[in-house]
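[1] No letters, just coordinates:
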């Protein structure tokens, strides 16, 4: 699904939404366009994209269904977080050469007035971490677990998509809080990584025919916290195991993003609501920067120390070149990535 590279230093490549996907996005839903590199006005700066973040929430913005944020219009540059370098600046707080986290979207260059832009340390060994463990996904995992999940020592924490940037953060922070962590991932390689590298107590392959039985065996005392970012059959297996007063932070439902109709089978909403009442469950969805934006400095200080001391580890799934973004995006939605999906667009200069 990738486009031709066709890059030079005088044009700005942009990947736009050509049409709204019906189900899984396809090549015809994306369009590569080129334009002149924009010129910043007073109180603006020109940014060159170095790394582009690919995240599941972007799929929802490609549809016109009502959601917490307005959808993209057909013809818009596809949105996305970036690590970018300042090329030209008319802003006092940003200098040429600065590395920043911005929302430049799927393009080589963008203009920003500095609002919502976070400056990174120029000497940061891995600037792309600003899109993962030290950025929005890590922040989502940290706040959802600590504020909604409220982990206590000895409790059982179950984490879906355990090797993704959110799930990996949740599992490792849960261990630091003394919880017993049970990961769920797709395939033996990911499960081995969750246990051997990330420190999960156990990890269950959701592709296994007896997945529900394995999960039950792994949680002999039930589940106190389930961190939800997948939904579907994973939650079906989790629900019967939830303890009284279990907490369920909900930051995503990636298994449902390409769905065009309700799944087959009987309506189980009544069963869920019965469990909410009888087990006194706390289920809370959240949009990270809307609910917790003012906590980001606190998160960054804490998580940076954990990453530096190797108490929290991370893994990236790197694609090379802006033209690879559509293909890498679809693979991520299908779970074919391993770690935080990042597209390297250019080099730091």
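    That came through, no problem. Given the structure is predicted, the values throughout are model-derived calculations rather than measurements.
[2] neighbours around residue 59, how many?
    Residue 59 has 19 neighbouring residues, counting by other C-beta atoms under 10 Å. Using the backbone N, CA and C atoms, a C-beta is placed for each residue, glycine as well.
[3] Quick check: it touching residue 24?
    No. Using C-beta atoms under 8 Å, residue 59 makes no contact with residue 24, being 9.2 Å away.
[4] which residues in the stretch 1-150 of the chain form helices?
    In the stretch 1-150 of the chain, the helices defined using DSSP state H, counting those that start in this stretch lie at 57-61, 136-143.
[5] out of those helices, deepest packed?
    Across the helices of the stretch 1-150 of the chain, averaging neighbours per residue (mean count of other C-beta atoms under 10 Å) puts helix 136-143 on top, at a mean of 26.
[6] Show me how far that helix is from its chain's centre.
    Centroid displacement of helix 136-143 relative to its chain, using C-alpha atoms, centre = their mean, to the nearest Å, is 8 Å.
[7] And for that helix, what's in contact with it?
    With C-beta atoms under 8 Å, 6 or more residues apart in numbering as the contact definition, helix 136-143 has outside contacts at 53, 55, 81, 131-132, 164-170, 173, 227, 251, 286, 288-289, 291-292, 295-296, 299-300, 302-303, 314, 340.
[8] any idea how far residue 87 is from residue 138?
    Separation of residue 87 from residue 138 (C-beta to C-beta, to the nearest Å) stands at 27 Å.
[9] and the gap between residue 178 and residue 346?
    43 Å.
[10] Of these two, give the one with the bigger neighbour count.
    residue 346 (17 against 12).
[11] For the more buried one, I want the exact helix or strand it lies within.
    Assessed by DSSP states H and E, residue 346 sits outside every helix and strand.
[12] surely it meets residue 50?
    Yes. Residue 346 is within contact range of residue 50, at 5.5 Å (criterion: C-beta under 8 Å).
[13] Common neighbours of the two, please.
    Common neighbours of residue 346 and residue 50 are not found (criterion: C-beta under 8 Å, 6+ apart).
[14] and residue 113, backbone torsions?
    Dihedral pair for residue 113: phi -90, psi 10, per degrees, to the nearest 10.
[15] thinking it is in contact with residue 47, fair?
    No. Residue 113 lies out of contact with residue 47 (C-beta under 8 Å); the separation is 11.1 Å.
[16] The two: which has the busier surroundings?
    Between residue 113 and residue 47, counting by other C-beta under 10 Å, residue 47 is the more crowded of the two (28 against 14).
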